[in-house]
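Undergrad: Following is a predicted model, sequence given first.
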Amino acid sequence: MEPVASTSAIRPVAAIGGGDARSILQDGRILAAQVLDAPDEGRLMLALGRHRVPAETNLRLEEGESFLVRVEGSGEAALLKVLGVGDPVVERLLDALRRVIGEGRPVGELLADLAATLRAESARPGGALAELRTLLADLEGQAMGPKAAGADLAGLFERSGYRYEALLARFAEAAPTAKELRALRANFKARLLEALDSLEDGPARRAVDHVLSSLEAEQLLNVARRASGDPLVFSFPFPDPAGWTTATLFVSEREDREEGEGESGGPAAPETLTLAIRFSRLGPVRVDLALTETQLDIRVFVEEEALAARVRSDTEELLSRLDDGRRSVRLFIRAATAEELEPGAHPLDIEFLRRHHLMDLRG
């Protein structure tokens with residue numbers, strides 16, 4: 001066995017069962033690991049999120065032991081650095097979460113409050129009128145329209161602020177083009193940061209601060225979710241008769257393919273995501289999507305049978321809009337129970353937070 005570079009490191013050997021863990025072995029990523037089996041000294045079978053990976057190490061680890069690792073390097077050269085209790089990377093993430101976790105509110109509600117505040121402040125004499133109007137225009141560009149297509153959602157995601165720091169990090173490695181600079185300056189988080197810097201203390205600045213803190217809370221929670229293989233969560237404002245509501249996407253990584261599937265000719269597991277949204281008049285709606293190279297399955301769940309019947313009456317139009325000629329599309333629509341309409345676990349029900357508490361109560 002080749003020596004492991006560090007006594008506190010684990011070297012992945014390969015992914016098994018037809019699955020491919022290389023996609024998660026990216027330099028700097030923090031992952032939750034569990035020892036599934038330790039048959040021989042120095043050899044392990046690890047669970048990394050949803051992947052099973054054989055590995056080598058000089059550490060003494062027991063079957064069932066769980067811990068966090070940081071990926072150093074990538075591909076075949078990747079090492080997994082074990083993060084112990086009090087590790088500065090883990091502590092920085094926990095400290096950042098503690099600062100913003102209480103600010104988490106539905107983005108539609110937050111942006112509706114911000115829009116109302118900006119309109120009220122822009123009507124007052126002597127205010128920062130130009131800055132407020134610019135921010136209000138930026139704000140109105142964040143909402144998804146009811147007839148928006150996939151490309152519109154992709155564009156909204158790019159400018160929403162979720163990837164703002166990732167873009168900055170990428171530009172630190174390579175000079176951005178003029179087009180990339182314009183996109184960065186138009187990023188909603190960049191606009192919020194500019195407003196926070198230019199506005200004087202008052203209702204508008206406090207409302208901007210609340211939106212920024214909520215956005216950063218969701219960004220940090222996704223770092224924690226990715227570490228433990230939990231579905232990522234992204235929220236977007238959506239028009240509603242009562243103002244704005246919140247559309248939430250739950251995105252799961254592709255499940256491991258079973259042995260003998262995918263690379264050997266069998267079907268790969270689908271990409272899956274769930275969209276959850278609650279309208280003031282229609283009530284809650286849940287949409288589950290499962291996508292493969294040849295098939296798109298869509299399951300729509302609504303609260304009332306009458307609404308389900310209305311949606312079914314538009315099935316032909318829906319299918320024509322969804323059919324891109326590359327995949328067959330199947331659409332299922334039905335009324336559902338309150339439990340079925342729930343999109344998933346509570347936003348804070350994350351494996352990382354079960355292992356690393358944000359608060360310790362003693363006494």
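TA: Happy to help now that I have it. Residues are numbered from 1 along each chain as shown.

Undergrad: got the domain boundaries for this protein?
TA: 9-84, 85-228, 254-353 (automatic domain parsing).

Undergrad: CSV please, covering the ones you listed and showing mean neighbour count and mean pLDDT.
TA: From N, CA and C alone the C-beta is placed, and that goes for glycine too. Shown next, in CSV, are these (neighbours: other C-beta atoms under 10 Å; pLDDT from 0 to 100):
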stretch, mean neighbour count, mean pLDDT
domain 9-84, 17, 79
domain 85-228, 16, 81
domain 254-353, 15, 82
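
Undergrad: Include distance to residue 243 when you put these into a markdown table, please.
TA: Listed next are the domains of the chain as a markdown table, based on distance: least, C-beta to C-beta, whole Å:
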| stretch | distance to residue 243 |
| --- | --- |
| domain 9-84 | 37 |
| domain 85-228 | 4 |
| domain 254-353 | 8 |
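
Undergrad: can you give me the strands in the stretch 251-363 of the chain?
TA: All strands of the stretch 251-363 of the chain, identified by DSSP state E, counting those that start in this stretch, fall at 271-279, 283-291, 295-302, 328-335.

Undergrad: Quick one: closest of the ones you listed to residue 100.
TA: strand 271-279 (22.3 Å; C-beta to C-beta).

Undergrad: and the closest one, what does it pack onto?
TA: Helices and strands touching strand 271-279, as assessed by 3 or more C-beta pairs under 8 Å, 6 or more residues apart in numbering; DSSP states H and E, comprise strand 243-252, strand 283-291.

Undergrad: So for this protein, the centremost residue is which one?
TA: residue 232 (3.2 Å; C-alpha atoms, centre = their mean).

Undergrad: Report the separation between that one and residue 57.
TA: Applying C-beta to C-beta, to the nearest Å, the value for residue 232 to residue 57 is 29 Å.

Undergrad: Equivalent analysis for residue 304, please.
TA: For residue 304 relative to residue 57 (C-beta to C-beta), the value is 56 Å.

Undergrad: Adding distance to residue 25, write the helices and strands packed on strand 271-279 out as TSV.
TA: What follows is the helices and strands packed on strand 271-279, written out as TSV (distance: least, C-beta to C-beta, whole Å):
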stretch	distance to residue 25
strand 243-252	19
strand 283-291	24
